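Peer 1: Have a look at this fold, sequence not included:
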């Protein structure tokens with residue numbers, strides 16, 4: 001009798017794990033890297049945060065293309081005459097023709113955007129500076 005209870009409990013735990021994994025996979029489409037949008041918990045009265053901010057590169061350029069999605073604005077930025085970069089910004093209101101500065105939070109290679117059904121060879125996740 002106890003064996004049956006043990007088997008039923010084990011089966012329920014496995015089922016809960018599988019359902020939890022499926023839910024997590026669905027929720028993590030185009031998840032920003034740690035540190036974006038204030039999700040980095042830095043503590044210690046802001047000194048550490050200021051040091052990290054100073055160390056982050058800033059990229060600037062003219063917005064050539066904007067693709068809006070639920071999680072991000074994907075922006076093709078013309079950095080120089082012969083160089084363009086793709087930038088992912090959390091809910092940004094930039095428009096084609098704007099000149100913007102972006103503080104880099106993370107640079108990813110071979111990033112697959114499920115919402116765009118596209119893989120970027122290189123994409124910069126960041127925040128627009130005022």
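Peer 2: Structure received. Bear in mind that the values here come from a model prediction, so they are computed numbers and not experimental data.
Peer 1: contacts and neighbour counts: CA atoms only from here.
Peer 2: OK.
Peer 1: what comes up buried for stretch 93-105?
Peer 2: 94, 100-105 (16 or more other CA atoms under 10 Å).
Peer 1: Name every strand pairing with the top strand by length along the chain and say which way it goes.
Peer 2: Counting by DSSP state E, the longest strand found in the chain is strand 99-113. Note on strand 99-113: by DSSP bridges, its sheet partners are strand 58-68 (antiparallel), strand 118-129 (antiparallel).
Peer 1: would a markdown table of those strands with distance to residue 80 be doable?
Peer 2: Formatted as a markdown table, these follow (distance: least, CA to CA, whole Å):
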| stretch | distance to residue 80 |
| --- | --- |
| strand 58-68 | 7 |
| strand 118-129 | 16 |
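Peer 1: Let me have those in JSON lines, extended by distance to residue 78, mean neighbour count and mean pLDDT.
Peer 2: Formatted as JSON lines, the strands paired with strand 99-113 follow (distance: least, CA to CA, whole Å; neighbours: other CA atoms under 10 Å; pLDDT from 0 to 100):
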{"stretch": "strand 58-68", "distance to residue 78": "5", "mean neighbour count": "17", "mean pLDDT": "94"}
{"stretch": "strand 118-129", "distance to residue 78": "13", "mean neighbour count": "17", "mean pLDDT": "93"}
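Peer 1: Good, we can wrap up now.
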